[in-house]
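Trainee: The following block contains a protein sequence and its predicted model.
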Amino acid sequence: MEVTAECERKAGQWWVKVPALGDLMISSRRLDLAAEQIKDMISEKEGVERCDVILKVETTIPGIMCDLEAAQEKMRESLRLQEQASKEVRDVVARLRTEGLSMRDIGVLLKISPQRVAQLTESI
């Protein structure tokens, strides 16, 4: 069972509204505590196992959530670029090996150890 919790930070507290529970409103110092409390309530009210409750937390912190989303997008882009760079390095290592360069020479060129070159060669 998937349930949405609409959470807003006000006056040092999280105010959490749960539409699935008749717009129940609770307050909590921490989001994790609110989430646990909501799961317990849903389990009791709906008669479902607590572990079957999937809580989708939607938060509102004016001025901060947009910054958080932008940072998370940059992290995803960073991972994508890291994966792309890793593939390109493996391709370069393969081409250098085809040219007959030793693992030690490739290590010097790429500023990595010969052991790391060997690992890159194995993952091709």
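Mentor: It's in.
Trainee: what residues go with each domain of the protein?
Mentor: Domains of the chain are assigned by automatic domain parsing as 2-62, 77-122.
Trainee: Let me have those in JSON lines, extended by mean pLDDT and mean neighbour count.
Mentor: The way it works is simple: take the backbone N, C-alpha and C, and place the C-beta from them, glycine included. Formatted as JSON lines, the domains of the chain follow (pLDDT from 0 to 100; neighbours: other Cβ atoms under 10 Å):
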{"stretch": "domain 2-62", "mean pLDDT": "90", "mean neighbour count": "14"}
{"stretch": "domain 77-122", "mean pLDDT": "95", "mean neighbour count": "13"}
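Trainee: Pipe these into TSV and attach distance to residue 69 per row.
Mentor: Output for those, formatted as TSV (distance: least, Cβ to Cβ, whole Å):
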stretch	distance to residue 69
domain 2-62	11
domain 77-122	13
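Trainee: and the longest helix along the chain, how far from the chain's centre?
Mentor: In the chain, assigned by DSSP state H, the helix with the most residues is helix 65-98. Taking the mean of its C-alpha atoms, helix 65-98 sits 15 Å from the chain's own mean (Cα atoms, centre = their mean, to the nearest Å).
Trainee: after it comes which helix or strand?
Mentor: helix 103-110 (DSSP states H and E).
Trainee: right, and the helix or strand after that next one?
Mentor: Past helix 103-110, the next helix or strand by DSSP H and E is helix 114-122.
Trainee: Residue 17 touches residue 27, doesn't it?
Mentor: No: Residue 17 is beyond contact range of residue 27, at 10.5 Å (criterion: Cβ atoms under 8 Å).
Trainee: list the contacts for the closest residue to residue 8 other than its chain neighbours?
Mentor: The shortest distance from residue 8 to any non-neighbouring residue, by Cβ to Cβ, 6 or more residues apart in numbering, is to residue 60 (4.4 Å). Residue 60 is in contact with 6, 7, 8, 9, counting by Cβ atoms under 8 Å, 6 or more residues apart in numbering.
Trainee: picking that back up, quick check: angle from the longest helix of the chain to helix 114-122?
Mentor: Computed with axes from the mean of the first three to the mean of the last three Cα atoms, to 10 degrees, the direction of helix 65-98 lies at 90 degrees from that of helix 114-122.
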